[in-house]
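1. got a predicted structure plus its sequence, pasted below:
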Amino acid sequence: MYRIVSKERLAYKHTLFTVDAPDVAAKAKAGQFLIVIPREGGERVPLSICDFDRERGTVSFAFHEVGKTTKELGTFNEGDELFNVTGPLGNPSEIKRFGKVLCVGGSIMIAPALLQARALKEAGNEVVTVLACRSEEFLFKREEAEKISDRVYVASDDGTVGETGLDFLKDLLEKESFDRCTVIGPVVMMRTVSEMTRPFNVPTIVSLTPIMIDGMGMCGVCRVTVGDQMLFGCVDGPEFDGHMTNFDELINRQRSMLPEERLSSLLWEQKRGCRCGRK
Ligand code: FES
């Protein structure tokens, strides 16, 4: 069992857990992910690693309470135990001195993006971080981003904080040259940023979030097409070349289970409090 050491509410339905998992923390690196099973017999959820502390033996992950299992996860509190936390899975981010790096994090994925940004800064890069959110109430960890970055931009879909949308990136890319761009967030956002960096030939790395089951290369559910190759998001990724990724296919695959996911979430809401015994 994996005890929840702390529960932090980042924003509405955006939650960050830090859990006791010394074996995972010992090997965790930026860019990797975990498979979390909240309770015995429960669903396996892939979640990006947002932080780790090797001395304390803890690892952190963030989630948006949007589906059945993430909603159920949100009912857990500090001191509760999760049935299983497997990891670290996937390949770590390539961290070295590239020069000037644009790090874009969107929505709940701002949290793992900051782990990448911090690692890139520690490797000697000039780091420009972009925090993208739906609206001001969904912005979090701005101060942390400012501490670890040379510069921070904030963008919101509705313009309630920072820039309105990500169009400002076009101007930024025209005025300044970047040696690398990393993007982690909603798939549509990763596709948009990849298309923006393409004309400027900025190598762009995206962290893909296909549907996963085992997370270890066995089920094949996480297939993604990158260039002319069919790859597995879990063992070949999760990071891929954003200019080579077939985002349309990924979006279609992600949506393929939406009716079942909605039904499952609805049924859980109806039974809430009966099956898991939590409020
Ligand atoms: S999640 Fe099963 S092969 Fe990748």
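-> Arrived safely, thanks for sending. Residues are numbered from 1 along each chain as shown.
2. what's the worst-scoring helix or strand of the chain on mean pLDDT packed up against?
-> In the chain, the helix or strand scored least confidently by mean pLDDT, DSSP states H and E is helix 258-271, which has a mean of 81. The helices and strands touching helix 258-271, judged by 3 or more CB pairs under 8 Å, 6 or more residues apart in numbering; DSSP states H and E, are helix 68-73. Just so you know, the C-beta spots here come from the backbone N, C-alpha and C atoms, and that holds for glycine as well.
3. CA atoms only: put the helix it packs on into CSV for me.
-> Written as CSV, here are the backbone C-alpha positions of helix 68-73 (Å, rounded to 0.1, in the frame of the first residue of the first chain):
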residue,chain,number,x,y,z
LYS,A,68,-14.5,7.7,-12.8
THR,A,69,-11.1,6.8,-11.4
THR,A,70,-9.7,10.3,-11.1
LYS,A,71,-12.9,11.4,-9.4
GLU,A,72,-12.5,8.4,-7.0
LEU,A,73,-8.9,9.3,-6.4
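4. can you name the secondary structure element that comes next after that helix?
-> strand 81-82 (DSSP states H and E).
5. helices or strands up against that following strand?
-> Strand 81-82 packs on strand 2-11, going by 3+ CB pairs under 8 Å, 6+ apart.
6. up against the ligand, what does the chain have?
-> By CB under 6 Å from any ligand atom, the part of the chain that sits against the ligand consists of 212-215, 217-222, 232-234.
7. so how do I select the buried members of the residues you listed in PyMOL?
-> Selection of the buried residues among the residues of the chain next to the ligand in PyMOL, burial being defined by 16 or more other CB atoms under 10 Å:
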select buried, resi 212+214+215+221+222+232+233+234
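8. which ones among the residues of the chain next to the ligand are found in strands?
-> residue 232 (DSSP state E).
9. switch the residues of the chain next to the ligand over to a markdown table; also include pLDDT.
-> Converted to a markdown table, those look like this (pLDDT from 0 to 100):
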| residue | pLDDT |
| --- | --- |
| 212 | 87 |
| 213 | 88 |
| 214 | 90 |
| 215 | 90 |
| 217 | 92 |
| 218 | 91 |
| 219 | 92 |
| 220 | 91 |
| 221 | 91 |
| 222 | 93 |
| 232 | 95 |
| 233 | 94 |
| 234 | 94 |
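10. identify each buried residue in the least confident helix or strand of the chain, please.
-> Going by 16+ other CB under 10 Å, helix 258-271 has these buried residues: 261, 265, 268.
11. next one: stretch 158-173
-> 161-163, 166, 169, 172-173.
12. using CSV, list the CA coordinates for that stretch.
-> What follows is stretch 158-173, C-alpha atoms only, in CSV (Å, rounded to 0.1, in the frame of the first residue of the first chain):
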residue,chain,number,x,y,z
ASP,A,158,-10.6,33.3,-21.8
GLY,A,159,-8.0,36.0,-21.2
THR,A,160,-8.8,36.3,-17.5
VAL,A,161,-5.1,36.0,-16.7
GLY,A,162,-2.0,36.7,-18.9
GLU,A,163,-2.2,36.4,-22.7
THR,A,164,-5.4,35.3,-24.4
GLY,A,165,-4.7,31.9,-26.0
LEU,A,166,-1.3,30.8,-27.3
ASP,A,167,-1.1,33.1,-30.4
PHE,A,168,1.4,35.2,-28.6
LEU,A,169,3.9,32.3,-29.1
LYS,A,170,4.1,33.2,-32.8
ASP,A,171,5.4,36.6,-32.0
LEU,A,172,7.8,35.2,-29.4
LEU,A,173,9.1,32.7,-31.9
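13. domain parsing for this structure?
-> The record's domain parsing of the chain by automatic domain parsing lists 2-89, 100-255.
14. which of these sits closest to residue 272?
-> Residue 272 lies closest, by CB to CB, to one member of the domains of the chain: domain 2-89, at 8.1 Å.
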